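Chemist: Dropping a prediction and its sequence here:
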Amino acid sequence: MTEDMSLAEVSSSRVFVWYNNIQPEKTVEVINHLKSRGMNGQRIFYPIYEEEEIAADPSKADTGLFSFGGEASKPFAIMNAGGGFSYVGAMHDSFPHALEVTNYGYNGFALIYRPDDAYADLARGIEYLHDHAEELKVSTADYSLWGGSAGARMAATLGNADSLFRLTGRRDIPQATAVVMQYTGYSAYSPTDAPTYANVGTNDGIASWKTMESRLKRLEALGIATEFQVYEGLSHGFGLGTDTVAEGWFDDAIAFWEEQMK
């Protein structure tokens, strides 16, 4: 990347390695939304580590949650971008999702994590929203975890009740009501996993749709609610799926999440 690149040039598979169906128009929409929130005096980024922690470990300095808004007292969703645990592809794989979820009234947050300590950062992000729920005007009940590719692995792991406790050490934080995961070959499963919606394309050379389907069948056999969508011809990293055969999947994922709510 160079400083003189246009948004259209940035919004490409050349920059977002492993991603397809990138929409420059969505990049502009996301940036304008965050700019508007900031100019209206709304805070758009929340560091999740304390100053003392950052002083002891400077890598934590830019780790935190971008807030895209939502309706007061409604549940929140944390979006986790992929990037192969090499980078965080937020502008295509979590920012658009966090913005989209606000259209349903829910509170959208996108996590910027450290690729080499992603699970710890998501655990801290969940803790942060739980501990600052009153300030942020969000409900801690019925939250959901979303992710694509590497981010989907994060969502599935922290959506598991045992892993949530192991990584936070806290029993007062409830398990996610639902996990929404896209295009990942994650195959681990257990009786303490969360209800899971998943989708993938048949032309995904990184995450096999058969692997994803197999895991969800195993969850279903354990009595855990699941929903699986596979899209003919789509490659890895299709994001919201705008102008593809996957367009509309977000509605299905929201409906699945709502079905799991208490």
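Modeler: Sure, I can see it.
Chemist: pretty sure residue 120 is touching residue 169, no?
Modeler: No: counting by Cβ atoms under 8 Å, residue 169 is not a contact partner of residue 120; they are 11.5 Å apart. All C-beta atoms are positioned from the backbone trio N, CA, C, and that covers glycine.
Chemist: OK, contacts around residue 196?
Modeler: Under the criterion of Cβ atoms under 8 Å, 6 or more residues apart in numbering, the neighbours of residue 196 are 156, 159, 178, 179, 180, 181, 216, 219, 224, 225, 226, 227.
Chemist: The fifth one - that's part of a strand, no?
Modeler: Yes: secondary structure assignment (DSSP: H, G, I helix; E, B strand; the rest coil) places residue 180 inside a strand.
Chemist: secondary structure class for residue 76?
Modeler: Here residue 76 is recorded as strand under three-state DSSP.
Chemist: thinking again about what came up before, of residue 120 and residue 169, which one has the most company?
Modeler: residue 120 (15 against 10; other Cβ atoms under 10 Å).
Chemist: Compare the contacts of residue 196 and tell me which has the most neighbours.
Modeler: Ranked by neighbour count under the definition other Cβ under 10 Å, the contacts of residue 196 are headed by residue 180 with 32 neighbours.
Chemist: tell me the secondary structure for the nearest residue to that one once chain neighbours are set aside?
Modeler: When the adjacent residues along the chain are set aside, residue 180 lies closest to residue 146, with 4.3 Å between them (Cβ to Cβ, 6 or more residues apart in numbering). Under three-state DSSP, the three-state class of residue 146 is strand.
Chemist: same thing with the one 5 residues further on?
Modeler: For residue 151, the assignment made with three-state DSSP gives helix.
Chemist: How confident was the prediction at it?
Modeler: With respect to pLDDT, residue 151 has a value of 98.
Chemist: Please determine how far it is located from residue 61.
Modeler: 21 Å (Cβ to Cβ, to the nearest Å).
Chemist: Between the two, point out the one with more neighbours.
Modeler: The residue with more neighbours, out of residue 151 and residue 61 and counting by other Cβ under 10 Å, is residue 151; that gives 33 against 13.
Chemist: Pretty sure the more buried one sits against residue 80.
Modeler: Yes: under the criterion of Cβ under 8 Å, residue 151 is in contact with residue 80, at a separation of 3.3 Å.
Chemist: Now do the shared contacts for those two.
Modeler: With contacts taken as Cβ under 8 Å, 6+ apart, the residues that reach both residue 151 and residue 80 are residue 94.
Chemist: show me what contacts residue 257?
Modeler: For residue 257, the contacting residues are 77, 142, 144, 177, 178, 180, 197, taking Cβ under 8 Å, 6+ apart as the criterion.
Chemist: do you know how far residue 83 is from residue 60?
Modeler: Residue 83 sits 18 Å away from residue 60, taking Cβ to Cβ as the criterion.
Chemist: Looking at the two, which has the bigger crowd around it?
Modeler: Using other Cβ under 10 Å as the criterion, residue 83 and residue 60 rank with residue 83 on top: 25 against 20.
Chemist: how far does the helix or strand residue 259 falls within sit from the chain's center?
Modeler: Of the helices and strands defined by DSSP states H and E, residue 259 is found in helix 249-260. Relative to the centre of its chain, helix 249-260 is centred 14 Å away, using Cα atoms, centre = their mean, to the nearest Å.
Chemist: Could you pull out the buried residues of it?
Modeler: By neighbour count, with 16 or more other Cβ atoms under 10 Å as the criterion, the buried positions of helix 249-260 are 249, 250, 253, 254, 256, 257, 260.
Chemist: CA-only coordinates of it in CSV, if you can.
Modeler: Written as CSV, here are the backbone C-alpha positions of helix 249-260 (Å, rounded to 0.1, in the frame of the first residue of the first chain):
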residue,chain,number,x,y,z
TRP,A,249,-27.5,-14.1,4.0
PHE,A,250,-27.3,-11.5,6.6
ASP,A,251,-31.1,-11.5,7.0
ASP,A,252,-30.9,-15.3,7.6
ALA,A,253,-28.1,-14.9,10.2
ILE,A,254,-30.0,-12.2,12.1
ALA,A,255,-33.2,-14.4,12.1
PHE,A,256,-31.1,-17.3,13.4
TRP,A,257,-29.7,-15.1,16.2
GLU,A,258,-33.1,-13.8,17.1
GLU,A,259,-34.5,-17.4,17.3
GLN,A,260,-31.9,-18.2,20.0
